[in-house]
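Q: give the three-dimensional model of this entry:
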Amino acid sequence: MDKNFQEEQFTGIIKFTPPLYKQRYQFIKDLVGKYEPKKVADLGCADCTLLQMLKFCSCIEVLAGLDICTSVMKENMHRLSPLPGDYLQPAERPLTVTLHQGSVAHKDPCMLGFDLVTCIELLLRILKYSGVVLDIHKLILYRIEHLEQSELVKFPEVVFGFMAPRIVVISTPNSEFNALLPGKALFRHPDHKFEWNQAQFQSWALETARRYDYSVEFTGVGHPPTGMEDVGFCTQIGVFVRKYPQTSESAQSEKPTEAVYKTVFRAVYPSLKDEKYLKNAVVSEVIFTAQNIKQSLLDRLMAEHEEYNNDPVERKFQFQPSMNRFSEDLGKLVVEKSMEPFVHGNMVYIPLTTIFSFPKVNRLCGTFEKLCKLIAGKVTLSSDGSAVMFNTELENEEN
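A: Numbering: from 1, shown residues only. Okay, here's the model as predicted:
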């Protein structure tokens, strides 16, 4: 028995494990892991479940959702907002999430420049407004079996011709599988305008790929029972990959100047690409690193001093002279900008070169010059700007 479905007494009742919709989403997530797109659009985003999953993919910097139904997006768009933890620990990559209300039969420049466009089956929904049941085919446009003939004709031109992403993923029910689903011999839902068998879907996909210079591979999710492999997947999937890089001339052709979609949500996540967040992160990391170095230095000095004096009363009075003796070569250290931290008087000096050598600080800043620029005015530095300074008086009081 296949791992992703269960048969019950061979009655034709099949339970997919995990559920079929989760398998579709996981398929997209795996595809993102393979191709690492930076800009991803989900057509027919509905309750934003797929977008919420994809926002955690580290390669993605732009996420966009498109749906004809504003209310469904508004009910769920809070799932796409940054959390407090996103501000406490900003990610290194930028991320912007936008939701648009509109039809895939219309062209809008906001959908240009995407690497991956997904068109995954949606859970059928009937929405009521003020007690009126809306015509369902007006609510769901992106599950291609819901498209009217006129919309289906426009669909390839908008997605493959106008948007022209590097990769397009389209899924649709496989009508050959319906015989295994009780009560679904013809269509899986009465609203469906059509349902394709494997040959019909592949014929449409191959012709679309040929017309717009894409290659296409066929796969799916929801395996059939053992011995019925010819039926194919419950959900058939076509993965289209553009054959040639898009030229600047083709990218500019027929670009509309007027937006037709309505933006209903936009969230910009805090990112270390933003200097405001980067500066805060660098200052915090520099202070944290310097504090650790200072504590390590003072602990070592204390241990050295204890070798000469084990009297805890005398230790309090002789601790400060011990630190002074440690800084006899102060002038030489400053001139040579040694990487060794040192003590002079009541001050502990941690050279910036030492702090910059720590991997996280180095990764955040990239260059020593940028480190100096980011912490300027935010961290107490020595007169020549070569070291972070801490006063040891509070340390003595604690001891």
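Q: which helix or strand contains R93?
A: Assigned by DSSP states H and E, R93 belongs to neither a helix nor a strand.
Q: ok, it touching S271?
A: Yes - counting by CB atoms under 8 Å, R93 touches S271, with 6.4 Å between them. In this view, the C-beta of every residue, glycine as well, is placed from N, C-alpha and C.
Q: between the two, which one's more packed in?
A: When neighbours are counted by other CB atoms under 10 Å, R93 and S271 differ, and S271 comes out ahead with 18 against 15.
Q: per-residue pLDDT of the residue lying closest to the more buried one once chain neighbours are set aside, please?
A: Residue nearest to S271 in three dimensions, not counting chain neighbours: P94, with 4.2 Å by CB to CB, 6 or more residues apart in numbering. The model reports P94 with a pLDDT of 96.
Q: touching, P94 and Y269? I think so.
A: Yes - taking contacts as CB under 8 Å, P94 lies within contact range of Y269: 7.1 Å.
Q: what about those two, which has more around it?
A: Just comparing P94 and Y269: by other CB under 10 Å the higher neighbour count belongs to Y269, 21 against 16.
Q: what pLDDT does the more buried one get?
A: We note a pLDDT of 97 for Y269 in this prediction.
Q: quick one: it from R242, how far?
A: Distance from Y269 to R242, counting by CB to CB, to the nearest Å: 28 Å.
Q: T392 too?
A: T392 is 63 Å from R242, by CB to CB.
Q: same check, this time on S81
A: Computed as CB to CB, the S81 to R242 distance reads 33 Å.
Q: who has more neighbours out of those two?
A: Taking other CB under 10 Å, S81 and R242 do not tie; R242 has more neighbours (18 against 11).
Q: residues contacting the more buried one?
A: Applying CB atoms under 8 Å, 6 or more residues apart in numbering to R242 gives the contacts 164-167, 212-214.
Q: again, only this time at 6 Å
A: Applying CB atoms under 6 Å, 6 or more residues apart in numbering to R242 gives the contacts 166, 214.
Q: just grab the bridge partners of it for me.
A: In this entry, R242 is beta-bridged to Y214, by DSSP bridges.
Q: worst-scoring helix or strand of this structure, pLDDT-wise?
A: Using mean pLDDT, DSSP states H and E, strand 128-129 stands out as the lowest-scoring helix or strand of the chain, at a mean of 26.
Q: tell me which residues in stretch 52-66 are buried?
A: 52, 54-55, 57, 60-66 (16 or more other CB atoms under 10 Å).
Q: quick one, helices of this protein?
A: 20-35, 49-54, 70-76, 84-88, 149-156, 198-211, 248-252, 275-306, 312-326, 330-336, 352-356, 359-365, 368-375, 393-398 (DSSP state H).
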